[in-house]
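S.K.: pasting the structure only:
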């Protein structure tokens, strides 16, 4: 990158709350040089306007053939971010390949198809909230992440894919490891090998017993036209759907609950009907993006972005959590959670790789929050915010546990 008096920012593999560091980085500029795990040189685009331009730029690619260090053999198999670069799916494809892979799953995420899932999502949420009440200890404390924020999106995406309940807990554990940047090389290799094995078993089961699910449809497309979807692309697409289909929404719901518990005035607005649950979701996406730094994109030439030249082949992180609080776009109060503002954000991406599951994530989160706070209006955090353990990595932005107290009405059935 162009020379700068400021040393490259060393990304912390253990993660943590990103916002304080983001503010310091944004003060340096919209684009910064970073050092990734393993001493790999990279860059991060942090400013809202710069990131929006970068995500849609025609000279920015996703394919691993554009990752210089990978092509030169300098990225080891156990590198914690290697899966993001090499998995065979739409997220590492460009042009016609990207359109081909995206078209195979896009029909499952149309607005009409997603809205048809609302009754099922509401039923799942109601059943899980019964479980939340039952799991609470004597003072009404329960881990809302484990009992609600996780199983709701995991259940929805697994039903869409035809993944049986026997696989779900293991797939979540492996997903956590895939998105973690703080585990060792041996764990990285083992997690990826097991993830492929589990998904291959899922695919084998759908081949034997096809159903009305996305996995069966992908298999049918592969078998009807072998050139249309390779076996690695099938497994890679399932991996993408599982990981992105629940990790993002899990963090979104948990982050929104944390925000509302810390800003009771904002909760009061939506409970009084002066704002909507979708307003809560959009402001949470801006204020505390469920994905902090997403890997990778690569300039296909030396590319000027916001006055900084990013060299060709550099692995670039999309700094969604920083862009969400960029004062150049969101004003001097960008750090304030305000569900009445125009919550412009790009936390679900922009350009040709805009999140295909965005309508589903929004629906799941709005249903989850509305049902939760209607059932437990007195819900509050059971520990101070600063004591919540963070997810171990800089890709996802969330907490490992979310202990809450349900309030005196915890046993009350929904009306």
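M.R.: Thanks, I have the structure now. The structure displayed is predicted, hence computed values, not measured ones. Numbering: from 1, shown residues only.

S.K.: going forward, measure contacts and count neighbours with C-alpha atoms only.
M.R.: OK.

S.K.: Spatially, which residue comes closest to residue 289, not counting chain neighbours?
M.R.: Spatial nearest neighbour of residue 289, excluding adjacent residues (Cα to Cα, 6 or more residues apart in numbering): residue 321 at 5.0 Å.

S.K.: OK, contacts around that neighbour?
M.R.: 18, 19, 22, 286, 287, 288, 289, 290, 291, 292, 293, 347 (Cα atoms under 8 Å, 6 or more residues apart in numbering).

S.K.: is it possible to export these to TSV including distance to residue 56?
M.R.: Output for these, formatted as TSV (distance: Cα to Cα, whole Å):
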residue	distance to residue 56
18	24
19	25
22	22
286	19
287	22
288	23
289	19
290	21
291	18
292	19
293	17
347	14
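
S.K.: Turn the residues you listed into CSV, columns for distance to residue 381 and neighbour count.
M.R.: Shown next, in CSV, are these (distance: Cα to Cα, whole Å; neighbours: other Cα atoms under 10 Å):
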residue, distance to residue 381, neighbour count
18, 20, 17
19, 20, 17
22, 25, 20
286, 21, 28
287, 19, 30
288, 17, 29
289, 20, 30
290, 19, 27
291, 22, 23
292, 23, 27
293, 26, 24
347, 25, 27
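
S.K.: coming back round to it: how close does the residue nearest to residue 289 sit to residue 270?
M.R.: 24 Å (Cα to Cα, to the nearest Å).

S.K.: Tell me which other helices or strands the helix-or-strand element of the chain with minimal mean pLDDT touches.
M.R.: For the chain, using mean pLDDT, DSSP states H and E, the weakest element among its helices and strands is helix 214-224, scoring a mean of 85. In terms of contacts (3 or more Cα pairs under 8 Å, 6 or more residues apart in numbering; DSSP states H and E), helix 214-224 is packed against helix 95-106, helix 151-161, helix 185-208, helix 231-262.

S.K.: do you know which of the ones you listed lies nearest residue 35?
M.R.: Ranking the helices and strands packed on helix 214-224 by proximity to residue 35 (Cα to Cα) places helix 185-208 first, at 17.6 Å.

S.K.: Only the buried residues of the closest one, if you could.
M.R.: For helix 185-208, a neighbour-count test (16 or more other Cα atoms under 10 Å) marks 188-189, 191-192, 195-196, 198-200, 202-203, 205-206 as buried.

S.K.: Would you quantify the distance from residue 301 to residue 234?
M.R.: To residue 234, residue 301 is 31 Å away according to Cα to Cα.

S.K.: what does residue 279 give?
M.R.: 36 Å.

S.K.: of these two, who's got more company?
M.R.: Neighbour totals were compared for residue 279 and residue 234, and residue 234 leads with 21 against 18 (other Cα atoms under 10 Å).

S.K.: Nearest residue to that one in space, please, no chain neighbours.
M.R.: With sequence-adjacent residues excluded and distances taken as Cα to Cα, 6+ apart, residue 234 is closest to residue 218, at 7.1 Å.

S.K.: which residues touch the one you found?
M.R.: Residue 218 sits next to 104, 105, 229, 234 when contact means Cα under 8 Å, 6+ apart.

S.K.: By pLDDT, give me the weakest of the residues you listed.
M.R.: Of all these, residue 229 has the smallest pLDDT value, namely 82.

S.K.: So which residue is dead centre in the chain?
M.R.: residue 248 (2.9 Å; Cα atoms, centre = their mean).

S.K.: quick revisit: identify each buried residue in the least confident helix or strand of the chain, please.
M.R.: Applying a neighbour-count criterion of 16+ other Cα under 10 Å, the buried positions in helix 214-224 are 214, 215, 216, 217, 218, 219, 220, 222.

S.K.: Please state the offset of it from the chain centre?
M.R.: Its chain's C-alpha centre and that of helix 214-224 lie 26 Å apart, by Cα atoms, centre = their mean, to the nearest Å.

S.K.: Stretch 302-315 now?
M.R.: Distance, stretch centre to chain centre, for stretch 302-315: 25 Å (Cα atoms, centre = their mean).

S.K.: what does it contact?
M.R.: So stretch 302-315 is contacted by 1-2, 30-31, 41-43, 50, 54, 59, 66-69, 295-301 (Cα under 8 Å, 6+ apart).

S.K.: Please pick the buried ones from the residues you listed.
M.R.: By 16+ other Cα under 10 Å, the contacts of stretch 302-315 give 1, 30-31, 41-43, 50, 54, 66-69, 295-300 as buried.
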